[in-house]
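> Sequence and computational prediction follow.
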Amino acid sequence: MAGYIEDITFMKEQAIKFGNEHMEAIIVPALGSNLLSLKFIHSDIEVLRTPKSLEHYRELPILYGMPILFPPNRIEDGQFTYKRTTYKFPINEKEKSNHIHGFLHALPWKVIKRELIRNEIVIKTEFSSRDFPSLRKSFLQDIIVNLTLTLVADTMNMQLEILNNGLEPFPWGAGYHTVFNFPFGSDSKIENCLISLPVNKHWELNERSLPTGEIRDSSNKKEIQNGFSLEGRLFDDIFGYDEESDLKNECVLTDQQAGVQVIYHADQHYKFWVLFNQKGFVCPEPYTWVTNAPNLNMSDESTGLRELGAGEQVILKTKLVLKEI
C-alpha cells in the first residue's frame, strides 16, 4: 500500500488521516493537535485510546490519544515565580488545589505542512501564543511550538520544537500524556501483557500528588526495566531515568497474545517517566521536567528545569515503533 494523506471529519472537527502499509493515524489540529488514532494495519488494532464521540472526548480529553503537555503534570496552587516573574495557571484539579497539564493540548493549532515524498509522510502543525491573548494571564512570554509527525515504514517520529519568540527567558518543561489501549487485543489478558521502563529512581509524592523532594532507588527496578504485568496494580508514579545507565530511554509494551509490540523511544531531554494506568489503558508519560519542578527547592539538574532564552529554540524527539511479534 502506498502512502496517503486525506482530509476527513473526525468527531465533528477537521482532521488529517495519513498512513501506509504498516499504520494509519489521525491528527486533529483543532483539538490540541492531538494524535487521536494510531492503528496497526497488520493486526487491525488501535493502539491508542480513541474516543467514541466528541462528547466523550470533552469529558476527559487528557485520557485520549497523545495530548501534548506544557507544562507537564501538576503545578502547586497553580503558580510559580521565576526570575521575579510569576506564572499563574487556572486551578483545574480543585480537590488538590493544583493546575495540571498546561494549555497546549486544550487549544487549536494550525496545519503548516503536509507532504508525501516517496515513502515518507510529513505532517507539521503550529501553535502561537500570539493567537491567544488571554494566555498572557498565565504565560507572559510569546512562544511558538511546532509538532512534526513523520511516518516512515513502521515508525512514527514526533518532533516538538519550542521557540521563545519574546524578549525574556522563561523556564520550560514538556511531555506527552500518551494513552495506550492495553492490552492491545480485545481478547488479550492483562496478566499476559508486559510493560517496561528505563528507570531506576522513584520520586515520593505527598497527598496532593506533588513530589516531596525525596528520591529513592526503585525497589523493583529490575522488574520495571525487564517488563512486568499491570494485573492488580494501579500506578500514578514518577520515575527517574539515569542517563548514565546503559539502558535505552524507551518504554516497551508487549501483548504476546495479540502479537503486537510498541516501542516508545524518547531522546535525552526526557529524564522522567510518569506511569499512570486504569482498567483497559496505560499512560507511560515522558517528561523533560519532574512534576512541580519550578516550586521544588532542588537543583535544576535534579528537577529537569531548563531556561529558554529570547530567540532560542529547543527540539525534542520521540518515536513510536509498531512491531509484529
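Done, it's in.

> From now on I want contacts and neighbour counts done on CA atoms only, so please keep to that.
Will do.

> Would you confirm that Glu21 contacts Ala2?
Yes: if you go by Cα atoms under 8 Å, Glu21 and Ala2 touch, sitting 6.8 Å apart.

> quick one: which of those two has more around it?
Glu21 (14 against 9; other Cα atoms under 10 Å).

> Spit out the contact partners of that one.
1-3, 41, 153 (Cα atoms under 8 Å, 6 or more residues apart in numbering).

> Closest one of the residues you listed to Cys193?
Ranked by distance to Cys193 (Cα to Cα), the contacts of Glu21 are led by Ile41 at 20.1 Å.

> Give me the contact list for the regular element (helix or strand) spanning Gly213.
In the assignment (DSSP states H and E), Gly213 maps to strand 211-217. Strand 211-217 is contacted from outside by 200-206, 291-292, 296-298, using Cα under 8 Å, 6+ apart.

> Most neighbours of all those residues, which one?
Most neighbours among these, by other Cα under 10 Å: Thr291, with 28 neighbours.

> For that one, give its distance to Leu234.
Distance of Thr291 to Leu234, given as Cα to Cα, to the nearest Å: 19 Å.

> Give the closest residue to Leu197 in space, chain neighbours not counted.
Of all residues not flanking Leu197 in the chain, Cys251 sits nearest, at 4.7 Å (Cα to Cα, 6 or more residues apart in numbering).

> same question but for Ser53, I mixed them up
Met11 (5.8 Å).

> Double-check the one you found against Arg58; I have them as touching.
No: here Met11 lies out of contact with Arg58, judged by Cα under 8 Å, at a distance of 10.6 Å.

> residue boundaries of the helices in the protein?
Ranges of helices in the chain, per DSSP state H, are 54-59, 221-226, 300-303.

> want to throw those helices into JSON lines with distance to Asn164?
Compiled in JSON lines, those are given as follows (distance: least, Cα to Cα, whole Å):
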{"stretch": "helix 54-59", "distance to Asn164": "30"}
{"stretch": "helix 221-226", "distance to Asn164": "36"}
{"stretch": "helix 300-303", "distance to Asn164": "19"}
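
> could you dump the ones you listed to TSV with distance to Val260 and mean neighbour count?
TSV is the format used below for those (distance: least, Cα to Cα, whole Å; neighbours: other Cα atoms under 10 Å):
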stretch	distance to Val260	mean neighbour count
helix 54-59	26	12
helix 221-226	17	16
helix 300-303	34	15
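
> List the buried residues for stretch 109-116?
Buried residues in stretch 109-116, counting neighbours by 16 or more other Cα atoms under 10 Å, are found at 109-111, 114, 116.

> Nothing else from me, thank you.
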